[in-house]
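Visitor: sequence and predicted structure are below.
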Amino acid sequence: MSSPVPQEEDERGFFEALIGDGLFPLRLTGVALVASGGFALFLSATGHFLPHDVAYLGMDAAQLSRAGSPRLVNFMFHDRAAFGGSLVSVGLLYLWLTEFPLKRGEAWAWWTLAMSGTAGFGSFLSYLGYGYLDTWHGLATLVLLPVFLIGMILTRRRLIGNSSWRVLIQIPSWGSLGFRARLGKALLLVYGAGLVAAGLTISVVGMTTVFVETDLVYVGLTKLEICGVSDRLLPVIAHDRAGFGGGLLSIGLMVIVIVLHAPVTRNFLQVILFSGGAGFLAAIGVHFAVGYLSMWHLAPALAGAAFFFTGWVFACTGRETAVRIPIGRS
């Protein structure tokens, strides 16, 4: 009878084993963002403010609807639903970047997460200028930011080759791609650039005028009348707009770098479709749900969706065409 083979004891610490090489904290960040976005969508769909919103405003959604107008409440939920969709989109892109290019040690993926995280987490600082501290959002940021930073610090060591930020401008050649795939990527780049422009615009509007003309037409109240309902409404609405703008900026930056650097693989096509689809479904769909159907207001989002879906289809069919070409034939 053979004696049992002695096994080497694992002397790693619990947290060392759990955190590992940094991929787990970044995955956790992505999952948390998707869950937070889903929760924001759930609250908007069910017509509920968060408890601290009610405490700050001194009224819940039903009371605000009676004091102001039902459309004012719907407008606020429209902003929050769009923000929720952007969080889902950001989280999915985080998960893809972590699981595929960063896991392979590709430095461009690390710098993409660094850029996006700076834009996303940094946008929280702009909220403080509005006079409204979203305590739940603040707590979530306080908990999630260290997790993200730990993941970024640990994964820095797994990068292969040149780990400088300059890898972002060292764009792989698209010469091996077919015409459809190149056209698809070009259209997706336009979509990403549009997200960056939209994110910056919405953030600036939120920090200055808060509303655009079509917003006030939909609500049926002037800005002064909205302040008359409660002088605390503008800080809350501006806060929501800043969150949505920061989310769009974060997505746009990631999309641009991913499209420039990543090959058109099956997982690339899937995450682009799921993340973009979630964002557009929330941002455009909520307008139909609340009856905010100004075509002037919706035109940029509809144009972005057209570039996105057309680009994705071309990229997808271009890849399938390339895959079907037998080896050794032109």
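Guide: Yep, it's here. All values reported here derive from a predicted model rather than from experimental measurement.

Visitor: ramachandran coordinates for G47?
Guide: phi 70, psi 40 (degrees, to the nearest 10).

Visitor: got the contact list for the residue nearest to G120 when sequence neighbours are not counted?
Guide: Once flanking residues are discounted, G120 sits nearest to S250: 4.1 Å by Cβ to Cβ, 6 or more residues apart in numbering. C-beta here means a position set from N, CA and C on the backbone, and glycine is covered the same way. With contacts defined as Cβ atoms under 8 Å, 6 or more residues apart in numbering, S250 is in contact with 86, 90, 116-117, 119-120, 123, 199.

Visitor: please determine how far S250 is located from I256.
Guide: Distance of S250 to I256, given as Cβ to Cβ, to the nearest Å: 11 Å.

Visitor: what's the answer for F274, then?
Guide: Counting by Cβ to Cβ - F274 and I256 are separated by 18 Å.

Visitor: give me the more crowded residue out of those two.
Guide: Neighbour comparison, F274 and I256: the larger count goes to I256, with 21 against 16 (by other Cβ atoms under 10 Å).

Visitor: my guess is the more buried one contacts G194, does it?
Guide: No. Between I256 and G194 no contact is recorded; they are 10.3 Å apart, counting by Cβ atoms under 8 Å.

Visitor: any idea how many residues pack against I251?
Guide: Counted with other Cβ under 10 Å, I251 comes out at 29.

Visitor: and it, what element?
Guide: helix 233-261 (DSSP states H and E).

Visitor: that helix: how far from the chain's middle?
Guide: 7 Å (Cα atoms, centre = their mean, to the nearest Å).

Visitor: ok, now stretch 75-88?
Guide: Counting by Cα atoms, centre = their mean, stretch 75-88 comes out at 11 Å from the chain centroid.

Visitor: could you list the low-confidence segments of the stretch 201-330 of the chain?
Guide: Scanning the stretch 201-330 of the chain for pLDDT under 70 picks out the ranges 320-330.

Visitor: what ranges does it have for its helices?
Guide: 213-219, 223-229, 233-261, 266-290, 295-324 (DSSP state H, counting those that start in this stretch).

Visitor: show me what the first one is packed up against.
Guide: Using 3 or more Cβ pairs under 8 Å, 6 or more residues apart in numbering; DSSP states H and E as the contact test, the elements touching helix 213-219 are helix 70-97, helix 295-324.

Visitor: which parts of that helix are buried?
Guide: 215-216, 218-219 (16 or more other Cβ atoms under 10 Å).

Visitor: can I get these in CSV including distance to G311?
Guide: As requested, the buried residues of helix 213-219 are exported to CSV (distance: Cβ to Cβ, whole Å):
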residue, distance to G311
D215, 29
L216, 34
Y218, 30
V219, 34
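
Visitor: what's the most distant pair in the residues you listed?
Guide: Of all pairs drawn from the buried residues of helix 213-219, the greatest distance, 7.3 Å, lies between L216 and Y218 (Cβ to Cβ).

Visitor: closest to the centroid, which residue in the protein?
Guide: V90 (2.8 Å; Cα atoms, centre = their mean).

Visitor: can I get stretch 300-313 in PDB, CA atoms only?
Guide: Extracted as PDB, the C-alpha positions of stretch 300-313 are listed here (Å, rounded to 0.1, in the frame of the first residue of the first chain):
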ATOM      1  CA  PRO A 300     -28.300  63.000 -32.300                       C
ATOM      2  CA  ALA A 301     -29.100  59.700 -30.600                       C
ATOM      3  CA  LEU A 302     -30.900  58.300 -33.600                       C
ATOM      4  CA  ALA A 303     -27.900  59.300 -35.800                       C
ATOM      5  CA  GLY A 304     -25.500  57.700 -33.400                       C
ATOM      6  CA  ALA A 305     -27.600  54.500 -33.400                       C
ATOM      7  CA  ALA A 306     -27.600  54.500 -37.200                       C
ATOM      8  CA  PHE A 307     -23.800  54.700 -37.300                       C
ATOM      9  CA  PHE A 308     -23.500  52.100 -34.500                       C
ATOM     10  CA  PHE A 309     -25.700  49.400 -35.900                       C
ATOM     11  CA  THR A 310     -24.500  50.000 -39.500                       C
ATOM     12  CA  GLY A 311     -20.900  49.800 -38.400                       C
ATOM     13  CA  TRP A 312     -21.500  46.700 -36.400                       C
ATOM     14  CA  VAL A 313     -23.200  44.900 -39.300                       C
END
